[in-house]
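Colleague: have a look; sequence and predicted model below, questions after that.
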Amino acid sequence: MNEQQFIQNALQKSIEQELIARRLELGETRPGQLGEQLCPEKPPKAELGDWACPCFPLAKIFREAPPKLAVALAERLRTELPGWEIEPIGAYLNFRLPRDVVARSVMEQIALEQADFGRNEELKGRKVMIEFSSPNTNKPLHLGHLRNNVLGESISRIVAAGGAELNKVNIINDRGVHICKSMLAYQHFGRKEGPEGPFWETPESRGCKGDRLVGDYYVRFNDWVKEGGKSEEAENPEQLALKMLKEWEDGRPEVRELWQKMRKWVLDGIAQTYIRCGISFDRLYFESETYKLGQELVAEGLERGIFQRREDGAIFIDLSDCKLDQKVVQRSDGTSVYITQDLGTAVARHRDFPFDCQIYVVGNEQDYHFKVLFRILHLFGYPWSEQLQHLSYGMVVLPEGKMKSREGTVVDADDLLDRLEELALDGLRERGRLQEGQDSKENGAENSENSEVGLNTARSIALGALHFYLLQFNPRREISFDPKESLAFTGNTGSYLQYVGARIYSILRKAGAEVEANADRLAKYDPETWSLLAGGASDHAESSANSPEWELLKQLREYPKAVSLAAAELNPSHVVKALAEVARRFSRFYHDVPILSSEEPLLSVRLDLCRATLQVLRNGMELCVIPFLESM
RNA sequence: GCGUCCAUAGCUCAGCUGGAUAGAGUACCGGACUUCGAAUCCGUAGGUCGCAGGUUCGAAUCCUGCUGGGCGCGCCA
């Protein structure tokens, strides 16, 4: 039973007693409903208490003003909840927890569970498949993918923390006219003149990542179209692309060979970006493999009357009855469209991993696509089709508007990460943080700025800043990305979490103390020590009502709730926010309360509070794909 | 035009599904490093919750209308 229910139960009893004392009848209301109507909530200000409950709903039954009721109920609750402070203020009943008990229970729980603190079993036994990233093999990843990637990875970790069995998958869109476009451009413009004669350009010859190279040819194709597209075939490039797609589906060797080569360039390049971002997949699906199954399904659907054939041969589904209009599922020339492969992919995936639920992390510009997809799978009668979910996240827009690949306003993922790493390195340099034992001795040479350790730290800071930034908003919300302001390391950022972690590490190092919390040690403290900790025993504890220690402890207790809420809503921002709040409250505690210079037993128990905070930060940062740093 | 999502401090966003004086960060201004890491902390200021109605003890939150925006409405993906 959680605390909220605990309070509700006590309320329920008190209300019943009060009713009896007043000889009032319940009338239509079930006895059990009374407590449920009163929902304990967080007061707007910490001074008011730890929990609060408005008495408005009871006014009718008791035929008395809520403030008077609150006073009467408070009296009864005091005997119901010994140790708690209960205070009626206006129409509200305010509750204050017995602090020594709470402090001890949170810290013991953290010490016992350690890396598992925050995990729960709400999704135990559920098999969840999650699709995210979904790159095209004709260009590198951009800012939009970065949001998608970190959302997918973070939600995966959060859902796994809920006990679900998880399968992370990526559908690689390596088939279609857009792929043919970059291939065509390469065929026409990829022949270069070198000192030793002509050659076909490769990532090595240009000295860049393969995804970048192919992406440039994709852009080149669009320029070609604008130029009027002169080619020896005297057809325009768009037509050539469709023709090439047909040849690809027919398996023409030259086309397949070029496709294999360019596809690998992009896949290798994108794989590097994934590694850099700390995200991974259990399995890759390729549209080039699943589209055939999609075509089989189209044939089956046609036979079963789910789809219809038009005079020109195109196959479509009529969904005008549910306002989804008509949708073509196979072109008149027999080639597949986007949704064809998604049908095949869904079926293939359920064969590979019989999921209870599948989450598609895909941008909201595809809301219509997924409505149609889910509808079709429903009409096919797959039972699992009822458990498909589209996590429709908002776009990332720049101050000047939407990113457009053709206009070169796309923010390239690798470029952005490079820029962030440079800024992080500048930050380390300014703070003189590139020396001080950050270098390995075997490196011997010098504490140079280019040391491996310094670069790794900068990478972690950059990634932390980016991921914190991208996860702090509601996923469904469109976010505007201003490079100048968004790439900050001060204020509410990933670096803030890392900084607090590093400071805790530092203080534990200085104390010569171990880093892990230890439940046996905690068991030795007496109740008075716990009261000293929670109540704020610092010299200037003029208001022990809400000491920094108590505020911190309460926030540590909030962390598991944030994780389960994030899992329920598929919204990692709850975890990010809970962590930022932990960091803020720790900073205040750290600032206001001396730790190393305090005397026993306060020294020990305060160090234990540091350890508990550290553990929560680490656990949460792991879920948000924000690297933890022992020093920065 | 149709569908769909959105509108809260100068800016970027919260607001726990109807409750107390609407909160953070950032920017601005003012304080705090001889003391555990100043990528920090503290304080001041900043709002007619787009507009107008409605529902009720009570609305940023629910309903209707209006205004202004995003996205979608391809045999692109």
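Modeller: Sure, I can see it.
Colleague: could you identify the longest helix within chain A?
Modeller: For chain A, the longest helix by residue count, based on DSSP state H, is helix A:253-277.
Colleague: report the buried residues of it.
Modeller: For helix A:253-277, the neighbour count (16 or more other C-beta atoms under 10 Å) marks A:255, A:258-259, A:262-263, A:265-267, A:269-270, A:273-274, A:276-277 as buried. C-betas here are computed from N, CA, C, even on glycine.
Colleague: list phi and psi for the residue of the stretch 101-250 of chain A found nearest RNA strand B.
Modeller: In the stretch 101-250 of chain A, the residue found nearest to RNA strand B is residue A:176; the distance is 3.1 Å by C-beta to the nearest atom of the strand. Dihedral angles of residue A:176 (phi, psi; degrees, to the nearest 10) stand at phi 140, psi 170.
Colleague: and if you look at residue A:360?
Modeller: Torsion angles, degrees, to the nearest 10, at residue A:360: phi -100, psi 120.
Colleague: if I look at residue A:434, how far off is residue A:629?
Modeller: With distances taken as C-beta to C-beta, to the nearest Å, residue A:434 is found 14 Å from residue A:629.
Colleague: for residue A:166, helix, strand, or coil?
Modeller: Three-state call for residue A:166 (DSSP: H, G, I helix; E, B strand; the rest coil): strand.
Colleague: give me the distance between it and residue A:3.
Modeller: 29 Å.
Colleague: settle it for me: which of those two has more neighbours?
Modeller: residue A:166 (22 against 15; other C-beta atoms under 10 Å).
Colleague: nearest spatial neighbour of the more buried one, skipping sequence neighbours?
Modeller: Nearest residue to residue A:166, sequence neighbours excluded (C-beta to C-beta, 6 or more residues apart in numbering): residue A:160, at 4.8 Å.
Colleague: and the strands in the stretch 101-250 of chain A?
Modeller: With DSSP state E, counting those that start in this stretch, the ranges of strands along the stretch 101-250 of chain A come out as A:127-131, A:165-172, A:191-194, A:197-200.
Colleague: so residue A:348 touches residue A:292, yeah?
Modeller: No. In this structure, residue A:348 is not within contact of residue A:292 by C-beta atoms under 8 Å, at 9.9 Å.
Colleague: so what's whatever residue of the stretch 1-150 of chain A ends up closest to RNA strand B scoring on pLDDT?
Modeller: Across the stretch 1-150 of chain A, the shortest distance to RNA strand B (C-beta to the nearest atom of the strand) belongs to residue A:52, at 2.6 Å. pLDDT for residue A:52: 84.
Colleague: can I have the strand or helix carrying it written out in PDB, keeping just the CAs?
Modeller: Assessed by DSSP states H and E, residue A:52 sits inside strand A:51-54. Output of strand A:51-54 as PDB, limited to C-alpha atoms (Å, rounded to 0.1, in the frame of the first residue of the first chain):
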ATOM      1  CA  TRP A  51       0.400  15.800   1.900                       C
ATOM      2  CA  ALA A  52      -2.800  17.700   1.800                       C
ATOM      3  CA  CYS A  53      -6.400  16.800   1.300                       C
ATOM      4  CA  PRO A  54      -9.300  19.200   0.400                       C
END
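Colleague: how far away from the center of its chain is that strand?
Modeller: 31 Å (C-alpha atoms, centre = their mean, to the nearest Å).
Colleague: could you list the low-confidence segments of the stretch 351-500 of chain A?
Modeller: For the stretch 351-500 of chain A, residues meeting the criterion pLDDT under 70 lie at A:401-409, A:435-450.
Colleague: and residue A:519, how many neighbours?
Modeller: Counted with other C-beta under 10 Å, the neighbours of residue A:519 add up to 14.
Colleague: what's the answer for residue A:112, then?
Modeller: Residue A:112 is flanked by 13 other residues according to other C-beta under 10 Å.
Colleague: do the same with residue A:59
Modeller: 15.
Colleague: what's near enough to touch the closest residue to it other than its chain neighbours?
Modeller: With sequence-adjacent residues excluded and distances taken as C-beta to C-beta, 6+ apart, residue A:59 is closest to residue A:66, at 5.1 Å. The neighbourhood of residue A:66, defined by C-beta atoms under 8 Å, 6 or more residues apart in numbering, consists of A:54-56, A:58-59, A:90-91.
Colleague: just the buried residues of those.
Modeller: Neighbour-count burial within the contacts of residue A:66 applies to A:54-55, A:58, A:91; the criterion is 16+ other C-beta under 10 Å.
Colleague: can you pull out the helices in the stretch 101-250 of chain A?
Modeller: Ranges of helices in the stretch 101-250 of chain A, per DSSP state H, counting those that start in this stretch, are A:143-161, A:177-189, A:203-206, A:210-227, A:237-250.
Colleague: next, the angle from the first one to strand A:165-172.
Modeller: Read it as helix A:143-161. Counting by axes from the mean of the first three to the mean of the last three C-alpha atoms, to 10 degrees, helix A:143-161 lies at 160 degrees to strand A:165-172.
Colleague: tell me which element the residue in the stretch 451-600 of chain A positioned nearest to RNA strand B falls in.
Modeller: Proximity to RNA strand B, evaluated over the stretch 451-600 of chain A using C-beta to the nearest atom of the strand, is greatest for residue A:491 at 2.5 Å. Using DSSP H and E, residue A:491 sits in no helix or strand.
Colleague: output the set of residues of the stretch 1-150 of chain A in proximity to RNA strand B.
Modeller: A:41-44, A:48-49, A:52, A:54, A:56-57, A:89-90, A:92, A:94, A:136 (C-beta under 7 Å from any atom of the strand).
Colleague: what comes up buried for stretch A:200-214?
Modeller: By neighbour count on 16+ other C-beta under 10 Å, the buried set for stretch A:200-214 is A:201, A:203, A:208-214.
Colleague: for residue A:90, phi and psi?
Modeller: Reported as degrees, to the nearest 10, the phi and psi values for residue A:90 are phi 60, psi -130.
Colleague: my bad, residue A:478
Modeller: phi -70, psi 140.
Colleague: quick one: residues contacting residue A:192.
Modeller: Contacts of residue A:192 (C-beta under 8 Å, 6+ apart): A:198-201, A:205.
Colleague: which residue comes closest to residue A:495 once chain neighbours are left out?
Modeller: Closest to residue A:495 by C-beta to C-beta, 6+ apart is residue A:489, at 4.1 Å.
Colleague: that neighbour: what secondary structure?
Modeller: Assignment for residue A:489 (three-state DSSP): coil.
Colleague: do the same with residue A:329
Modeller: Once three-state DSSP is applied, residue A:329 turns out strand.
Colleague: burial measure for it, as a count.
Modeller: Other residues near residue A:329 come to 24 when the count uses other C-beta under 10 Å.
Colleague: pull the contacting residues for it.
Modeller: Counting by C-beta under 8 Å, 6+ apart, residue A:329 touches A:298, A:301, A:307, A:315-317, A:337, A:339-340, A:343, A:376.
Colleague: cool, residue A:573 as well?
Modeller: Here residue A:573 is in contact with A:471-475, A:566 (C-beta under 8 Å, 6+ apart).
Colleague: in these, find the pair that's most separated.
Modeller: Greatest spacing in the contacts of residue A:573, by C-beta to C-beta: A:473 and A:566 (13.1 Å).
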